[in-house]
Every structure is written in structure tokens, then in C-alpha cells.
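Asker: Sequence first, then the predicted structure:
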2 protein chains.
Amino acid sequence: MSSVPGMQTTDVARSDLKYNKSQLCSLCDVRSLGICGALDQTDLLQFERLGRHVHFAAKEALFTVGEPAGYVYNLTAGVVRLYRLLPDGRRQIIGFALPGDFLGTTAFDRYGFSADVIETVAACRVTRDAFSLFSESRPHLLRRINEFASRELMLAYDQMLLLGQRTAKEKVATFLIGWRDRLARIGDTKKTIRLPMSRQDIADFLGLSIETVSRTLTAFEREKMLVIVTGGVRLLDAGRAEALAAV
Amino acid sequence: MSSVPGMQTTDVARSDLKYNKSQLCSLCDVRSLGICGALDQTDLLQFERLGRHVHFAAKEALFTVGEPAGYVYNLTAGVVRLYRLLPDGRRQIIGFALPGDFLGTTAFDRYGFSADVIETVAACRVTRDAFSLFSESRPHLLRRINEFASRELMLAYDQMLLLGQRTAKEKVATFLIGWRDRLARIGDTKKTIRLPMSRQDIADFLGLSIETVSRTLTAFEREKMLVIVTGGVRLLDAGRAEALAAV
DNA sequence: CGAAGGATTGACGCTTCTCAAATAGGGTGG
DNA sequence: CCACCCTATTTGAGAAGCGTCAATCCTTCG
């Protein structure tokens, strides 16, 4: 295991997600996934000096909506929930962040949503000012940032379609398939889909009540579409789930 | 009125929204609202030669999801609905575009949603290639594009919060307030809120059925919050609507 | 003036929510 | 290692909000 000081190796290892063992960008496992994939060897060395590796335990906040956006984060391990609240406490989770995801980029000077930790996080943190300065002169990087923003927008539109039009069963199935595919993209291709977030998180992501999420999952289990295991589900009939999730 | 050839002046004038009377960017009414607000006098002259003024009648499509993204459009008059469909025809409207809005910008080579006309449209159309080339060397413009993308993302998050968490009454009230404020920003500050889109459009925007939208509006009318007039509503108790819409 | 499409209203039903209780799981201290 | 506690999850019963189906009304436009 890594001996990086301050790195909570046991937690992170248990999470079974990739992370940056070395603190060196050139050896970063998630580099190709993230925005840093647009950097060449020279840029990488310079970028390394801008960032600091930081860690957050479960439930800690990376940042909160409305507060001055001082940093951008490049996630290298863990899971983060991104959300907004209504004044009376109703919560809409707008997404879950995984290694390779870039958080806090905005054209404005305040964060547009809150972010807190579901599963122990390691991240490469850069001040927004330094990051702006660094990226300004690198069209390659700017283009990649743009691509990431476009992708986020497309994901947001997908989610609007889901929230506005889909039934509870479709919502849950769509969530499972989407989450499975995201895990696969970061290298987690096991047959059982890990679900580090709580049922309440899933409910707030899908615009359902926690009871409906639970009932829908047990219904899927009765129908032999999946089995619920601790910490996740195992898909038995991926085809049926994909059909329910069809765009 | 203008005598620009091909300009459907009567339709556009009836719409009561601002538009580009002159075909000259320097005289464009919505320039300050749109992306072009980032251009100085010199740039403007060059930009003028890239664009072509085009018009679309109601129900015409500007573009369709998935098709190669050949153009970007800078709306100068009219109203456009932006949407995605599920295979079985369920539709989610992801937004309405007004003069000053920029459509078709994406980091990818295909449109991420469909766009068709609610109310006769005039737009400044530029090929994506020409636009990319033009913007590449203008950091000012790039930054503004970035700001617009960020704003769109924030709007998408607002809408996710609305779709996932709000009740029918809150949805309709939030829509009315948001639409009123957008009309105000383009100079339409009359007391009655024009609603050029159909009830079905509103329903598909809010994730409701058309009947629920209709019932909710009549409920608001019974409660003396507004009066329904042809082509819009007139707010009697804006405070109450704003309270229902509170973020 | 009549036809056609959009909007409203009513009756009814179903999906989903709410409230409440039971169960399971994970962590802690003895 | 086990018992206990705390929290998350599941399950049930009942209610309600919203959707569906269908009829009527209104507006627009030929």
C-alpha cells in the first residue's frame, strides 16, 4: 500500500476505487479520465506544483452553494454528492462525483451547488486563480474544460428528462444502469454494482421518496431483475434494466 | 418599419419582442444581452460578415437532437422551445429561448436537444466552424461563452430542483415568476405576462399533465393570485407567487 | 358561420407519498 | 467475541396529489 502521509489508505482501499497513489500527476490513475488528460509531460510538471493533495472524510463538505468559489477539485478517490436545497430542507441531488470528475469549475465567483462526501475522498485541489491563470494560455486545456462543461450540460438534460417524465421504476432502473456504466468507466467492472450512497441519496437524486426507492428495488428483486446485497445490487437481468432505462 | 428583404416584419412586430431591425450587428437590439456583447466595434464588423439573418415560422425546427451541429444561432426575435423526447414520445422541454439567447453551442459535433419555433423567429446564424475560428482568437468572447454555459448549467440545476422536489402549484408559480423575469430582462415589462407557449408546452416543461397546469392556473385565479387572459396571465398578487417560487 | 385545435372542467383511478412500525446492519464497548 | 445501540432500510396501511379519460367550451381562422 501507499505510504503517502495523511492518505487514509485503508478507507480508500476498501472503497475499491482508483486513486492517486503517488501525488505525482504523471502517475495519477485517473489522469486520462479527467481534465488533466489534456496536459502533456511538460505541462504536467508545472501543474503538479499548483495543486495540493487533500482528503475529506465522509460527511465533510468540500464546499457549499453560494460561498466564494476559491478552489477547483480534481477527484482522485471517493464519492461525492452534489446538491441544492429548498428553504424548507427539500434536497435535490444533482449528481454524484467519482474519481476523474472535476468539481468547482464555474464562470462565476461562487459555487452553484453544495458538495459533500459520501465515501472518503482524495482530491487534487487548486486555487481557482492559479487554475485560471494556468489554463488561460493552454487552448488544449480550455477545450477540454469546455467539453466537460458540455457533457455536464447534456447529463443535466438527461436528468431533467428523467425527473419530469419517467416513472419510479424507470427512474430507479435508469439510475442503476447509469451508475454501473460510470463505475465501469473508472475501472470497476464487477458484477455487483456498488452503491455507496444511501437510499435517501438515491431518492433525492430521482425525485422520489425513500420508501418508493426501497419498494421499487424489492419489486425488482421479486421480478428476478436483481438481488439486493449489502452495499449494492447485483444485476441478474441487465437487459430488462436497460430496456426500462432506454432513452 | 424596416424594409429589410425577407424580414417578416409584421409577425415579428406583433410578437412585441425586440429584434434586429437592421441586419447590422452594431444596431442589433439584443446585442448587449447576447454573446455579441463581448465584441468591440472592430470585431463586430468582422462578425457581421460571418452571420446570415434567417427566419423561421411557427412549428419549424431550427435543429433536431442528434443531427450534426452545423450552425449556432443568436436569437434576435421570437420564442423557441428546446426539448428532448423519450422513444415513446414523452417530451421534456428543457427550456424556452428568447431574443439574446444563443443556441447550438456545444463542444460536441451533434446537437444535444431539439429546437423548434413557438413564435416567429429571427436569428443570426453562423456556421459552427466559422464561429469556432472566430472565437478561438478572442479570449473575451471565449470567456463570455463560458459564462453563458455556466449560466445554462445553473438554470438546469434550478430546473432539476423544481422537477424533483416541487409541488404542482410551486412548479406553475415558479414558472410564471421565472418567465416574467426573463421577459423583463428583454424589455417586456407589461403587467400581464405574455405566454406564447401552449399549456402542453408548460406541462412538458414542468413535468405535469396539461390538465394539472390548467387546473392549477384556474385555482390561482380563484385564489385571486392572477387572472387568466388570452395569451397570458395577469398577476394580481405577485408576492404570493414569488413566495411559492422561493428558492 | 362553421370547423379545428386548444383549453377547461369533471369523474375516477392509480401511482406515489406520508406516517408508523418492524427489521436488519454496522459499530462500539464490555 | 458478544450484546447492545443507533441508524438505515424495509414493509404496511392509508391518504392524497396528480394523471387519465372524456365531454364541453372557447378561440382562432378559413
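Answerer: Sure, I can see it. Residues are numbered from 1 along each chain as shown, chains lettered A, B, ... in the order given.
Asker: Please say whether there is contact between the one helix or strand residue A:160 maps to and chain B.
Answerer: Under the criterion of DSSP states H and E, residue A:160 resides in helix A:139-165. Yes: residues of helix A:139-165 are located near chain B by Cβ under 8 Å from any Cβ of the partner chain, namely A:139, A:142-143, A:146-147, A:149-154, A:156-161, A:163-165. Yep, even glycine has a C-beta here, placed from its N, CA and C like the rest.
Asker: Give me the PyMOL select line for those, limited to the buried ones.
Answerer: In PyMOL syntax, the buried subset of those is picked out as below (16 or more other Cβ atoms under 10 Å in any protein chain shown):
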select buried, chain A and resi 142+146+149+150+152+153+154+156+157+158+159+160+161+163+164+165
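Asker: For DNA strand C, tell me which of the residues of helix A:139-165 next to chain B show up nearby.
Answerer: Among the residues of helix A:139-165 next to chain B, proximity to DNA strand C is found for none (Cβ under 7 Å from any atom of the strand).
Asker: Poorly predicted segments of chain A, please.
Answerer: For chain A, applying pLDDT under 70 flags the ranges A:1-22.
Asker: Can you show me the helices along it?
Answerer: Secondary structure of chain A (DSSP state H): helices located at A:9-15, A:41-50, A:128-136, A:139-165, A:168-185, A:199-206, A:210-222, A:238-245.
Asker: Now render these as a markdown table, adding distance to residue B:211.
Answerer: Output for these, formatted as a markdown table (distance: least, Cβ to Cβ, whole Å):
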| stretch | distance to residue B:211 |
| --- | --- |
| helix A:9-15 | 47 |
| helix A:41-50 | 55 |
| helix A:128-136 | 47 |
| helix A:139-165 | 16 |
| helix A:168-185 | 21 |
| helix A:199-206 | 24 |
| helix A:210-222 | 23 |
| helix A:238-245 | 26 |
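Asker: Deepest-packed of the ones you listed, please.
Answerer: Of all those, helix A:199-206 has the most neighbours on average by mean count of other Cβ atoms under 10 Å in any protein chain shown, namely a mean of 21.
Asker: I figured residue A:247 was touching residue B:86, is that so?
Answerer: Yes: between residue A:247 and residue B:86 there is a contact under Cβ atoms under 8 Å: 7.0 Å.
Asker: can you tell me how far the spatially most central residue of chain A sits from DNA strand C?
Answerer: Nearest residue to the geometric centre of chain A (Cα atoms, centre = their mean): residue A:97, 1.2 Å. Distance, residue A:97 to DNA strand C, by Cβ to the nearest atom of the strand, to the nearest Å: 22 Å.
Asker: do the same with residue A:99
Answerer: Distance, residue A:99 to DNA strand C, by Cβ to the nearest atom of the strand: 21 Å.
Asker: what's the burial count for that residue?
Answerer: 27 (other Cβ atoms under 10 Å in any protein chain shown).
Asker: Not counting its neighbours along the chain, what's nearest it?
Answerer: Nearest residue to residue A:99, sequence neighbours excluded (Cβ to Cβ, 6 or more residues apart in numbering or on different chains): residue A:30, at 4.4 Å.
Asker: Also residue A:200?
Answerer: residue A:210 (5.0 Å).
Asker: one step back: just confirm the residue nearest to residue A:99 contacts residue A:186, I think it does.
Answerer: Yes: the pair residue A:30 / residue A:186 is scored as a contact, 7.0 Å apart, by Cβ under 8 Å.
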